[in-house]
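Trainee: need a 3D model of the sequence below.
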Amino acid sequence: MGDLRRGFYFLSNILVFSWVNRMVREKKEGMIPKEAQKVLQKRFKDLKNPVKIFVFTKKGENDQLTAPLHQFTEELMELTKTLSFSFYDEKSKEASTFEVTHFPSMLIQPDHYAIWYVGAPFGEEFRSFLDVLQFASEQESHLSKESKQHLQQLSEKREINVFVTLACPYCPGQVLHAFQAAIERHDIITAKCIDASEQMSLANKYQVGAVPHTVINDETISKGYESEDQFIQELIHLQPMEKTTPVEDSEGQEVHVDLIIIGGGPAGLTAGLYASRSGLQTIILEKAAIGGQVSITPQVENWPGFSSIPGNKLMDMIAGQVREYVPVIQGEEILEIKVGKHIEALSPTKRYTGHALILATGATHRTLGIPGEEEFYGRGVSYCATCDGYLYKNKSVVVIGGGNTALTDALYLKNLGAQVSILHRRDTFTAEQHLISSVEREKIPIFWNTEATHIKGEEMVTMINILNNKTQKKDTIQTNAVFVAIGEKPNNELAKMIGISLDDVGYIHIDRFGRTNIPRIYAAGDLTGGVRQIVTAVGEGASAATSAFQDISQ
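Mentor: Just a heads-up that it's a prediction; the model follows:
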C-alpha cells in the first residue's frame, strides 16, 4: 500500500485545489499540470488490466462539474490506454441498468464491481481514486489477511455510503476501506463515495454534519475515520464497534525494525527522514491522516520559503519526500507499548518491535464540555472547518475561540459564503495580528466576553445559549453549526501507559535532544508542549531521530 501511494499525496493537491479554481474560474488550458502528468504516467504503467469507467451526467444537476469531468477524463485517457471512460445521460439504457439517480456519478469497472463516486473524484478524493483504479486493475483488495477472512464470513448484502467533502484529508482513507471491501466481496457489497456538499438532499437525509460519515444498509454506523479492522467489524456486525484489543503473539504478525515512530505529522515524518538517512531501518505508523493538524490548516503563512501555502499541500510535499525513504503506514493505530529488551508497539493486527521508539502523536482539539456538544457532534457541532465547512457554505455558523485556529476557521468559513460569528470568552484575541486584522477587514461579528452554555436543536443544531461573563446577561444565537476551536490537549495515552514523565498539563518532559525519562523512548512535536509550531515540530523530530541513532549505535 505504501508504494502505491508514494508521491501522490503531493500530486493530489496540485490536481484539485488548483483544478476547479484554476481551470473553471480562470479558464486556463489543461487541468493536469505537466509535472503531475509525468507522475501519473509512471503510476498508470503499473495498471495490469484495463479499467472501464462509466460517467453519468444530467443537464441541470451539478452542471459546474460536468465540463471539468469531461476535460479531466480526456486528459487522463491521453496519459494511458489502460483507462477508458464512457459518458451517459440520465435517459440512457446504462443509467437505467445501474439505477443511477444522482448526478454526476462515476462507476469504476461496473461490469465487475459496485464502486461509485456520487460527485467527482476531485480534491482529496483523488487519492482514493488513484488507489481504487490500481486495485480494480489488479482485481485485488489489498486488505489484510485478517480482514479478508472476516469478510468471507459475510453472507448478507451490504450497501456502504461514505459521505465526504473534497477538502477533508480524513475522508479518502474511509472511502478506500469501503472500496476495498467492495472489491473483496464484489458479490454482495456496494460502496459509494458521496460528495455531501454537492448532494445535500442525501446528506440531509442522513443528518450529515461532519465527514467522513459512514452509512451502511441505510443506518449511520460511524462518524470519522477508522482503522481498517474497526471498519470491517462494523461492516459485518452493522453496529459501532469499540477498539479491538492489540495483537499478542501471532505467527507472521511481527514486524521488526530499528526504530518505530508513532505519528505521521510534521515531527514524525521528519524523524523518519533523519532516522532513515542515518541508516536506521524505520517505520512510521499513523492511525489517521498523514500530516496531522497541519493537513487541515487552510493556509500556513509562517513556513520558511513560502509566504503562504495550503497546509495539506505543505504536508503532501513533506510526506512525498519521506516516503522515498521510509514506509508510512496509514490507518495503523497503536493500542499498547511494552518496554523490555526490545520496544514493542501493538496494533490490533501486528506487533512492531524495535530498538527504540519515538512518540509523535501530537495533540487534539479540546471540547467545551457543555450540554448538547456531544449529542450534536456530527450534526452541527464540528472541530474541523476544513473538513466540514462546505456543508454550511450558505448557512449561519458560530466559531468559538480566540486563537489562531479560531480566526483562521472563521476566515475560511467566511470565504466559503457562510454567515460567520465569533464567540470569545475574553475581551481580546490571542491570535496573531495579521489574522485579527483580516477578521476586522471582513467585518465578522464578534461576541466578546461570551461563553456558550448549551447547544440545542432537534435533528441538527439550531441554536446555542450564551452567557456574557461580565454582565451575566443570557441570550440565544440562532445558528446551523458550531465550530469549536478552543485549544488542544496532548495525545498522551500511550505515554501514560508506560510511565513517561508528564507536566501538569499532560505534555511529555523531554531534554533538548528529545529523550524522555525512559531509555530508548523519545518524543517530538506538539506532544511535548512548548511553542507548538510546525518549525519546532520538525526540529524536535530531527533531534529525536539523531538521539535514537546515537543511542542505538553505542
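Trainee: for residue 513, what are its contacts?
Mentor: If you count contacts by CB atoms under 8 Å, 6 or more residues apart in numbering, residue 513 has them with 543, 544, 546, 547. For glycine as for every other residue, the C-beta is placed from the backbone atoms N, C-alpha and C.
Trainee: so the residue of the chain most remote from its centre is in which element?
Mentor: No residue in the chain sits farther from the centre than residue 471, which is 41.1 Å out by CA atoms, centre = their mean. Using DSSP states H and E, residue 471 sits within no helix or strand.
Trainee: so what pLDDT did the closest residue in space to it that isn't next to it in sequence get?
Mentor: Using CB to CB, 6 or more residues apart in numbering and skipping residues adjacent in sequence, the residue nearest residue 471 is residue 449, 7.9 Å away. Listed pLDDT for residue 449 reads 98.
Trainee: thinking residue 449 is in contact with residue 402, fair?
Mentor: No. Using CB atoms under 8 Å, residue 449 is not in contact with residue 402; the gap is 10.7 Å.
Trainee: the stretch 201-350 of the chain: helices as residue ranges?
Mentor: In the stretch 201-350 of the chain, the helices defined using DSSP state H, counting those that start in this stretch lie at 228-237, 266-277, 311-322.
Trainee: and those helices, which is most packed in?
Mentor: Most buried of the helices of the stretch 201-350 of the chain, by mean neighbour count (mean count of other CB atoms under 10 Å): helix 266-277, with a mean of 28.
Trainee: hmm, which helix or strand of the protein has the shakiest average pLDDT?
Mentor: Lowest by mean pLDDT, DSSP states H and E among the helices and strands of the chain is helix 2-5, with a mean of 33.
Trainee: which residues does the residue minimising distance to the centre of the chain contact?
Mentor: Centroid-nearest residue in the chain: residue 170, 1.7 Å away (criterion: CA atoms, centre = their mean). By CB under 8 Å, 6+ apart, residue 170 lies in contact with 211, 212, 224, 225, 288, 289, 387.
Trainee: ok, longest helix in this structure?
Mentor: helix 534-553 (DSSP state H).
Trainee: now it and helix 266-277, what's the angle there?
Mentor: 40 degrees (axes from the mean of the first three to the mean of the last three CA atoms, to 10 degrees).
Trainee: which parts of the stretch 51-200 of the chain are helices?
Mentor: Using DSSP H, counting those that start in this stretch, helices in the stretch 51-200 of the chain cover 63-79, 93-97, 126-138, 145-152, 171-184, 200-205.
Trainee: and these as CSV, adding distance to residue 527?
Mentor: Formatted as CSV, the helices of the stretch 51-200 of the chain follow (distance: least, CB to CB, whole Å):
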stretch, distance to residue 527
helix 63-79, 40
helix 93-97, 51
helix 126-138, 26
helix 145-152, 30
helix 171-184, 22
helix 200-205, 35
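Trainee: residue 272 against residue 324, yeah?
Mentor: No. In terms of CB under 8 Å, residue 272 does not count as a neighbour of residue 324; the distance is 10.7 Å.
Trainee: pretty sure residue 72 contacts residue 31?
Mentor: Yes. If you go by CB under 8 Å, residue 72 and residue 31 touch, sitting 5.4 Å apart.
Trainee: could you measure from residue 301 over to residue 498?
Mentor: 37 Å (CB to CB, to the nearest Å).
Trainee: with residue 321 instead?
Mentor: 31 Å.
Trainee: in stretch 330-348, what's buried?
Mentor: 330-337, 339, 343-348 (16 or more other CB atoms under 10 Å).
Trainee: so of those, which ones are in strands?
Mentor: 330, 336, 337, 339, 343, 344, 345, 346 (DSSP state E).
Trainee: which one of the residues you listed sits closest to residue 419?
Mentor: residue 330 (35.8 Å; CB to CB).
Trainee: ok, the closest one to residue 460 distance?
Mentor: Separation of residue 330 from residue 460 (CB to CB) stands at 31 Å.
Trainee: likewise for residue 534?
Mentor: Applying CB to CB to residue 534 and residue 460 gives a distance of 34 Å.
Trainee: looking at those two, which is more packed in?
Mentor: Set residue 534 next to residue 460 and count neighbours by other CB atoms under 10 Å: residue 534 wins out with 26 against 16.
Trainee: could you list the low-confidence segments of this structure?
Mentor: Scanning the chain with the threshold set as pLDDT under 70 gives 1-29, 244, 248-252.
Trainee: how does it divide into domains?
Mentor: Domain assignment for the chain by automatic domain parsing gives 2-237, 254-364+490-553, 381-484.
Trainee: farthest-separated two in the ones in strands among the buried residues of stretch 330-348?
Mentor: Comparing every pair within those by CB to CB identifies 330 and 339 as the most remote, at 25.4 Å.
Trainee: residues contacting residue 425?
Mentor: Neighbours of residue 425 in contact, by CB under 8 Å, 6+ apart: 402, 449, 450, 451, 469.
Trainee: of all these, which two lie farthest apart?
Mentor: Top of the distance list for the contacts of residue 425 (CB to CB): 402 and 469, 13.1 Å.
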